Every structure is written in C-alpha cells, then in structure tokens.
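K.L.:
Curious how this folds, go ahead:
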Amino acid sequence: MVGSHSPSLRLFAGIIGTIVLLWVVATGALYAAMTRSPETFGAVMKDVPPVTMAILPFKPLWMSARAGHLDVGDAAPDFTLPSLHGGATIALSQEYRDQPVVLVFGSYT
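P.N.:
Take a look at the predicted model:
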C-alpha cells in the first residue's frame, strides 16, 4: 500500500535523519571554532575526541577557514610574537623596516 511504512523503517529513517543532523551541526560548530583565534580553537579541540577527525571533514574545513586572502606580491600581514628569550616582543613591521626578513615555518628537528 502506498504511503504506509513499517514502524521499523520509520525508526530507521528517524535514526539516519538524526545522525545526519548531528553531523551537520558538529561540522558547523567545528568550522566556527576554526575561524576563531588559535587559542579559542585549541581550547575547543582539547576536548574533542580523536575519532572526530575521521568522522568530520576536518581538512577541507581547515583549508577553507584558514585560507587567507594574500596574492603573490602582497605584503605579509603584521604580527607580533614574544622573543625567544622572554620579556620583549617582536613585530614583523618593525623588523622589515630595517632589513629583509625571511619567515620559515617548519621544524629543524
């Protein structure tokens, strides 16, 4: 009969619908956290179970949230970091006024 579904089919559809809704909400919440400051994102991620990385589209969300808007030839945005020896801070804009600056992102280990 058209329009009649067994209770088990309706239950199954309800469960699948709830899972999809939870996935969409969790994906949106993760993306929102990624667009915040690194400190806020770190505070959120410290409580997220590792299995979340396998369930949610972490890499595409991250690439979108942190893509930036620089083109070749644009000046690097200014930022300030604490010095390695403590106490002072170093601003990129102050450093490249006096001399060329090379930014290296990586590990020497």
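K.L.:
make it CA atoms for all contacts and neighbour counts henceforth
P.N.:
Fine.
K.L.:
Tell me where the model's unsure across this structure.
P.N.:
In the predicted model of the chain, residues 1-5, 109 satisfy pLDDT under 70.
K.L.:
for Leu81, what are its contacts?
P.N.:
By CA atoms under 8 Å, 6 or more residues apart in numbering, the contact list for Leu81 reads Thr89, Ile90, Ala91.
K.L.:
Take the residues you listed and lay them out in a markdown table including distance to Lys46 and neighbour count.
P.N.:
Putting those into a markdown table (distance: CA to CA, whole Å; neighbours: other CA atoms under 10 Å) gives the following:
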| residue | distance to Lys46 | neighbour count |
| --- | --- | --- |
| Thr89 | 27 | 11 |
| Ile90 | 28 | 13 |
| Ala91 | 29 | 13 |
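K.L.:
what about the strands in the protein?
P.N.:
Using DSSP state E, the strands of the chain run over 80-82, 89-91.
K.L.:
For stretch 67-83, list every residue counted as buried.
P.N.:
Within stretch 67-83, no residue is scored as buried using 16 or more other CA atoms under 10 Å.
K.L.:
quick one on the thing from earlier: among the strands of the chain, which is nearest Asp74?
P.N.:
strand 89-91 (17.7 Å; CA to CA).
K.L.:
Pull out the buried residues from the longest helix seen in the chain.
P.N.:
When the chain is parsed with DSSP state H, its longest helix is helix 7-34. The neighbour-count check on helix 7-34 (16+ other CA under 10 Å) flags Thr27, Leu30, Tyr31, Ala33, Met34 as buried.
K.L.:
Centre-most residue in this protein?
P.N.:
Centroid-nearest residue in the chain, with CA atoms, centre = their mean: Met34, separated by 3.1 Å.
K.L.:
what about that residue, distance to Trp62?
P.N.:
7 Å (CA to CA, to the nearest Å).
K.L.:
With Thr40 instead?
P.N.:
14 Å.
K.L.:
How about Asp71?
P.N.:
From Asp71 to Trp62 the distance is 19 Å (CA to CA).
K.L.:
Run through who's touching stretch 88-106.
P.N.:
Asp78, Phe79, Thr80, Leu81, Pro82, Ser83.
K.L.:
ok, so of those, who is nearest Val20?
P.N.:
After measuring the contacts of stretch 88-106 against Val20 - CA to CA - the closest member comes out as Phe79, at 39.9 Å.
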